[in-house]
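Undergrad: Give me a 3D structure for the following:
(chains A and B)
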Amino acid sequence: MGSNIIEIDGLYKSFSREGLRKEAGVDYLISNLNLTIPSNKITALVGGNGTGKTTLFNIISGFLKEDKGNIYFFNSKSIKINSIASYKREHLGIGRLFQDNHIFPNLTVIENLIITDRENLQGTPSEAIFFRNKIREKEKILSKKAIDLIIHFLGESSELLDKLDDLGSSLSFGQRRLLGLIRLFMSDYKLVLLDEPTSGISPVLYDVISFIIKQMISNKGMTVFLIEHNMNFVRKTANQCLFIDEGQIKVKGTPSEVLSNEYVQKSYLGV
Amino acid sequence: MVKNKDWYSMNYVFHILVLINIYLILTVSTNLMVGLSNLLSIGQGAFYGIGAYITALALKTLGLAFFPSILLAVGITLLFAIIIGYISLKLEGDYFVLATLGTQIIVYTILYNWIEVTKGPYGIPGIPSPRLFGFFELKGIIPFLIVSSVLSFLTTIIFHRLINSPFGRELKGLRDDSISMLALGKNITKLKIQSFVLSSSFAALSGFIYASYITYIDPTSFNLDESIFILSAVLIGGTGNIKGPVLGAIFVVVLPELLRFTGLPDNVAANLKMIIYGVVIILGMRFRSQGLAGVYKF
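TA: Sure, this is the predicted structure:
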C-alpha cells in the first residue's frame, strides 16, 4: 500500500443527465475502474479516443466529480481526496500538464514560471502594497531558480532564455509544452499528471521531453502518470503501462507486455 | 474685474480637476476588477453611491470628522462588497454581470425609497464640510483640490503596486486561464472576492469626495447610467495597467467640458456628449479594442 502514490477503487463516471443508473451499463464512460499507481515510477495510460483517459485525469485533479468510487492519495499518510477542492489537491502535491499546455498568454515566460510559487510570495494585496522590496528580492531568487531549470533541461543556447520577458502568447506550441513541463519543477509535486506530453510536438523534441520526464523521477522523486498515444515514446519512457477500454483498466504490465497483448493489438493498435 | 474673471476661470479648471480625481479613483479601482480579473461589473455606481450616502450621514447626522467619515464610508461599503462578492462570485461570465446589475438595481431602489434615511428622490442637501485634524474645515475649491489630488494619487500608487505584484500577476493569470490557476493551487474564488472588494471599497472613497465636495447627493447620481458610464470610462482608457484608466477618467470628464466651448445649447451638448461616447466606444471596439492606452483587447 505504501509503495503506491494513488489508489482508485470502484470509480464510475457518467455524462448522462440521469447520472448514476445501472452498474456495468453502457451509460458510463468510466465504469468500476480500479487502479494503483506505484510511487517514483512512470506509468503510461493508453487507450483509444473517448475511453475516459482525460476524464480520469480530470477526476484525479478535481476538475470533474466522479459519480461513485474512492480515490486515495498517499503522501506521508493516506488521504481520501474525493471531496477535496481541485486547488487544494495541488497543495497535497498533485501537479498537472494539460494537453493544450495552458500557458498564460499575457504573462511573460519568467512570470509563467514564478507564478507557481506559494511558499515565498503570499500573493496578497497587503503584501503588494506594503512589502514591495521584499517581493522584488524574493522574485529575483525565484527567477534565478527558473532560469537555472531552463538551462539544466534545455541548455544555455535555449531560445526560451532569450524570451524570458516575452509574453507567453509569443511562444511556439513546442516552446509552450517545454515551458509547461519545466514549470512542474518549480513546485514540490509528489505526483504529476501529464496529458499527452508529445502530442503536436516535433519529433526532434521527443528525446528532450523524455529526458525531462525521467528527471522528474530521478531528480525530484516525483511519480509520473501520463496519457500517451505515441507508443515508441511509451516504450522508451514508461516503467508501467495501463490499457483502458470500456471504462476499465483491461491490461496492465510493462509497456512491452501491454503493447504486445493480443486484446490491445486488436482493439487499439489495429494490428 | 479682470482679476475676478481670472479667478472664476481658475475655479472652473480646479472644479474639473476635482471631478477628474473622483473619476480617476473610480476607473483605476474598477480596472482591477474588470481589466485584470475579467469581472465585468455594471454595479460600481452602487458602491460609489453607498460611499456617498454613508459620508453624508457621517458628516451631517453623526457630525464626524474627515478620517472617521472616510473610514465609515469605506468600511461599510467593504462589508457590503464582501457579502455581495461572496454571493455573486459563485457565478461566472454573463451570470456575474447580471448579478451586479441586480445589485445596482437593489441599491438604487433602496436609496430612492428609504426616505427616512436617504430622503429618497429629494436627496440630501447641505452636507457639511469635513473637518481635518479637528479644526481645519475643508471648505472651498482649493482644499478639495488638494485633498482629492492626494487621495487619487495614493489610490493610483496603491493600484499600481497591486497590478505589478504577485497578487496582480495572479489576477492576470485568472483572467487568462482560471483552470490553470486551479491546477497551480490558486484559490480563484478568494482572488475574485479580493479583487471585487478592493474595487468596490475604493469606489466608496470617490463617493466620499463627491458627497463632501458637491454637498448634495440624490439617487440619480448613482444609478445604472453611472455604473455604465464608469465602465465606459475604463474601456475607453483601456485596461490592464494604470495609464489606461487614468486617461479614461480624463477623457470622460474633459470631453463634455470641451463641448461647452462649441457654442451648442446645453440640451444639445448633453445629448451630443452621449452620442460621442457611443461613437468612441464603437470605433474603439472596432479599431482599438485595448482602449487609449490599455493592455487587454476586448
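Undergrad: What residues does the stretch 51-200 of chain B have near chain A?
TA: B:158, B:161-162, B:165-170, B:172-173, B:175-177, B:179-188, B:194, B:198 (C-beta under 8 Å from any C-beta of the partner chain). For every residue, glycine as well, the C-beta is placed using N, CA and C.
Undergrad: Can you flag the buried ones in those?
TA: Burial by neighbour count, judged by 16 or more other C-beta atoms under 10 Å in any protein chain shown, picks out B:158, B:161-162, B:165-170, B:172-173, B:175-177, B:180-188, B:194, B:198 from those.
Undergrad: what's near enough to touch the closest residue to residue B:69 other than its chain neighbours?
TA: Distance criterion C-beta to C-beta, 6 or more residues apart in numbering or on different chains; nearest residue to residue B:69, sequence neighbours excluded, is residue B:58 at 4.1 Å. Residue B:58 makes contact with B:64, B:68-69, B:72-73 under the criterion C-beta atoms under 8 Å, 6 or more residues apart in numbering or on different chains.
Undergrad: just those now: which is nearest residue A:107?
TA: residue B:73 (35.3 Å; C-beta to C-beta).
Undergrad: residue boundaries of the helices in chain B?
TA: B:2-31, B:44-56, B:66-88, B:93-113, B:115-118, B:141-163, B:166-176, B:178-183, B:188-214, B:224-237, B:243-260, B:266-287 (DSSP state H).
Undergrad: got CSV for the ones you listed, with mean pLDDT too?
TA: Supplementary listing: those in CSV, determined by pLDDT from 0 to 100:
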stretch, mean pLDDT
helix B:2-31, 89
helix B:44-56, 98
helix B:66-88, 96
helix B:93-113, 95
helix B:115-118, 94
helix B:141-163, 96
helix B:166-176, 95
helix B:178-183, 94
helix B:188-214, 96
helix B:224-237, 93
helix B:243-260, 90
helix B:266-287, 82
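Undergrad: Can you tell me which of these is packed in deepest?
TA: Highest mean neighbour count among those (mean count of other C-beta atoms under 10 Å in any protein chain shown): helix B:44-56, with a mean of 29.
Undergrad: Distance from the chain centre to stretch A:144-151, please.
TA: Here stretch A:144-151 is found 21 Å from its chain centre; the criterion is C-alpha atoms, centre = their mean, to the nearest Å.
Undergrad: circling back to that earlier point, can you check which of the helices of chain B gets nearest to residue A:245?
TA: helix B:178-183 (27.1 Å).
Undergrad: residues making contact with that closest one?
TA: With C-beta under 8 Å, 6+ apart, helix B:178-183 has contacts from A:61-63, A:86-87, A:90, A:95-96, A:98, A:102-104, B:170, B:173-174, B:188, B:191.
Undergrad: How about stretch A:262-271?
TA: A:46-48, A:231, A:243, A:245, A:250-251, A:258-259.
Undergrad: can you give me the end-to-end distance of stretch B:285-297?
TA: By C-alpha to C-alpha, to the nearest Å, the extent of stretch B:285-297 from end to end equals 8 Å.
Undergrad: Could you list the buried residues of it?
TA: Within stretch B:285-297, the residues that count as buried by 16+ other C-beta under 10 Å are B:290-296.
Undergrad: okay if I get those as JSON lines plus pLDDT and distance to chain A?
TA: Formatted as JSON lines, the buried residues of stretch B:285-297 follow (pLDDT from 0 to 100; distance: C-beta to the nearest C-beta, whole Å):
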{"residue": "B:290", "pLDDT": "86", "distance to chain A": "11"}
{"residue": "B:291", "pLDDT": "87", "distance to chain A": "15"}
{"residue": "B:292", "pLDDT": "88", "distance to chain A": "19"}
{"residue": "B:293", "pLDDT": "85", "distance to chain A": "16"}
{"residue": "B:294", "pLDDT": "84", "distance to chain A": "12"}
{"residue": "B:295", "pLDDT": "84", "distance to chain A": "7"}
{"residue": "B:296", "pLDDT": "78", "distance to chain A": "7"}
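Undergrad: Near chain B, which residues of the stretch 1-150 of chain A are found?
TA: Near chain B, when you scan the stretch 1-150 of chain A using C-beta under 8 Å from any C-beta, you find A:61-63, A:86-88, A:90-91, A:95-96, A:98, A:102-107, A:111, A:115-118, A:121-125, A:127-129, A:132, A:135, A:139.
Undergrad: Residue A:120: how many residues sit nearby?
TA: 15 (other C-beta atoms under 10 Å in any protein chain shown).
Undergrad: so it sits in a strand?
TA: No: counting by DSSP: H, G, I helix; E, B strand; the rest coil, residue A:120 is not part of a strand but coil.
Undergrad: What strand or helix carries the residue lying closest to residue A:72 once chain neighbours are set aside?
TA: Using C-beta to C-beta, 6+ apart and skipping the chain neighbours, the partner closest in space to residue A:72 is residue A:7 (4.6 Å). Following DSSP states H and E, one finds residue A:7 within strand A:4-14.
Undergrad: got the buried residues for that strand?
TA: A:4-8, A:11-14.
Undergrad: ok so, going back, of the residues of the stretch 1-150 of chain A next to chain B, grab the buried ones for ChimeraX.
TA: In ChimeraX, this line selects whichever of the residues of the stretch 1-150 of chain A next to chain B come out buried by 16+ other C-beta under 10 Å:
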select /A:61,62,63,86,87,90,95,96,98,102,103,104,105,106,107,111,115,116,117,121,122,123,124,125,127,128,129,135,139
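Undergrad: Inside helices: which ones of the residues of the stretch 1-150 of chain A next to chain B?
TA: A:61, A:86-88, A:90-91, A:111, A:125, A:127-129, A:132, A:135, A:139.
Undergrad: so how far does stretch A:61-80 reach from one end to the other?
TA: First-to-last residue span, stretch A:61-80, C-alpha to C-alpha: 13 Å.
Undergrad: likewise stretch A:74-89?
TA: Rule used - C-alpha to C-alpha; the end-to-end distance of stretch A:74-89 is 12 Å.
Undergrad: now it: mean pLDDT?
TA: Here stretch A:74-89 scores 91 as its mean pLDDT.
Undergrad: which residues touch the closest residue to residue B:277 other than its chain neighbours?
TA: Counting by C-beta to C-beta, 6+ apart, residue B:277 lies nearest to residue B:232, which is 6.0 Å off, once chain neighbours are set aside. By C-beta under 8 Å, 6+ apart, the residues touching residue B:232 are B:252, B:277, B:281.
Undergrad: for these, which one is nearest residue A:236?
TA: residue B:281 (55.8 Å).
Undergrad: List the residues that contact that closest one.
TA: B:232, B:235-236.
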